[in-house]
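# Sequence and predicted structure are below.
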Amino acid sequence: MNRIAALVLSLWAGVASAQEFIAVDGPLSDDAFYRLVSCAAPPGKPCQKPVVTWPKFTALDLTIGITRVDPGFSAADIDAYEAALGHSIAQINTAGAAIRLRKSRLDPDIAILLLDIEQGGEILGSGIPGLDGIQIDAAWVHLWWNGNHHIQRGAIVFSPGLQGIVRRSTVMEEVFQATGLLTDIENAWYTDRSIVSQNGFQRTTLGVQDIMALRRHYP
């Protein structure tokens, strides 16, 4: 099963894109897992992306919220996304890392857009420079950072059609990746062990190594 694609735009370095997932076999050490999710480094090899983090003081009060809802999403859909977002925030905030998220629809650091886009279609008319023209599957996370590799803002886009556990898992994954841990892992061993597994949507909570990675990213 294909997981969610992720492309990152750095305003300082131009457009930075890399492989969205790394394929490996079997369990990874904590060091190897962290390097994979934080900088797309295959085990024993160099990083393929820069390591990016929210600035320290921003990370301790990082706002996230739904800022746009297109007509293709029902009131029940909105309620479900709000619930999934609340669940994801609680997972991040109780992980023991130096990062705290809170909901806000007023110019949040991470804007969530529920857009009427067919899966496989392009983002159009988002109102956010750098998003339009990107082709997405069901969801997309987009981060902007400066020359110090400090994230300045983020956006998450969802298209209609996600339901139930798949929606809950996808929201959790995208919120996790919006912290700067951007790379998925393709590895059957991690299917039910990591929220960034490329192989399925079994998890709706952070796995043991997901929490470890978040704590290393924000010690």
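Noted; the coordinates are in hand.
# Pretty sure residue 78 sits against residue 66.
Yes. Contact criterion CB atoms under 8 Å: residue 78 and residue 66 qualify, at 7.3 Å. Where you see a C-beta, it was placed from the backbone N, CA and C, and this is true even at glycine.
# Overlap of the contact sets of the two?
residue 114 (CB atoms under 8 Å, 6 or more residues apart in numbering).
# can you pull out the helices in this protein?
30-39, 56-59, 75-93, 164-177, 208-217 (DSSP state H).
# Adding distance to residue 193, mean neighbour count and mean pLDDT, write the ones you listed out as a markdown table.
A markdown table is the format used below for these (distance: least, CB to CB, whole Å; neighbours: other CB atoms under 10 Å; pLDDT from 0 to 100):
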| stretch | distance to residue 193 | mean neighbour count | mean pLDDT |
| --- | --- | --- | --- |
| helix 30-39 | 10 | 21 | 97 |
| helix 56-59 | 25 | 14 | 95 |
| helix 75-93 | 15 | 16 | 98 |
| helix 164-177 | 13 | 21 | 96 |
| helix 208-217 | 7 | 20 | 98 |
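# Ok, which of those comes nearest residue 99?
Closest to residue 99 of these is helix 56-59 (CB to CB; 4.4 Å).
# and that closest one, how far from the chain's centre?
Counting by CA atoms, centre = their mean, to the nearest Å, helix 56-59 is centred 18 Å from the centre of its parent chain.
# ditto for stretch 78-97
That offset, for stretch 78-97, works out to 13 Å (CA atoms, centre = their mean).
# same deal with stretch 20-38?
Relative to the centre of its chain, stretch 20-38 is centred 16 Å away, using CA atoms, centre = their mean.
# Can you give me the end-to-end span of it?
Stretch 20-38 has an end-to-end distance of 12 Å (CA to CA, to the nearest Å).
# can you redo the helices of the chain as TSV with distance to residue 136?
Formatted as TSV, these follow (distance: least, CB to CB, whole Å):
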stretch	distance to residue 136
helix 30-39	20
helix 56-59	26
helix 75-93	16
helix 164-177	11
helix 208-217	23
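# between the ones you listed, which one is nearest to residue 110?
Closest approach to residue 110 among the helices of the chain (CB to CB): helix 164-177, 7.8 Å.
# The closest one to helix 30-39, inter-axis angle?
90 degrees (axes from the mean of the first three to the mean of the last three CA atoms, to 10 degrees).
# Against which helices or strands is helix 164-177 packed?
helix 75-93, strand 139-145, strand 151-158 (3 or more CB pairs under 8 Å, 6 or more residues apart in numbering; DSSP states H and E).
# Reformat the ones you listed into a markdown table and put distance to residue 205 next to each item.
Shown next, in a markdown table, are the helices and strands packed on helix 164-177 (distance: least, CB to CB, whole Å):
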| stretch | distance to residue 205 |
| --- | --- |
| helix 75-93 | 6 |
| strand 139-145 | 18 |
| strand 151-158 | 18 |
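# in this structure, what spans have low per-residue confidence?
1-19 (pLDDT under 70).
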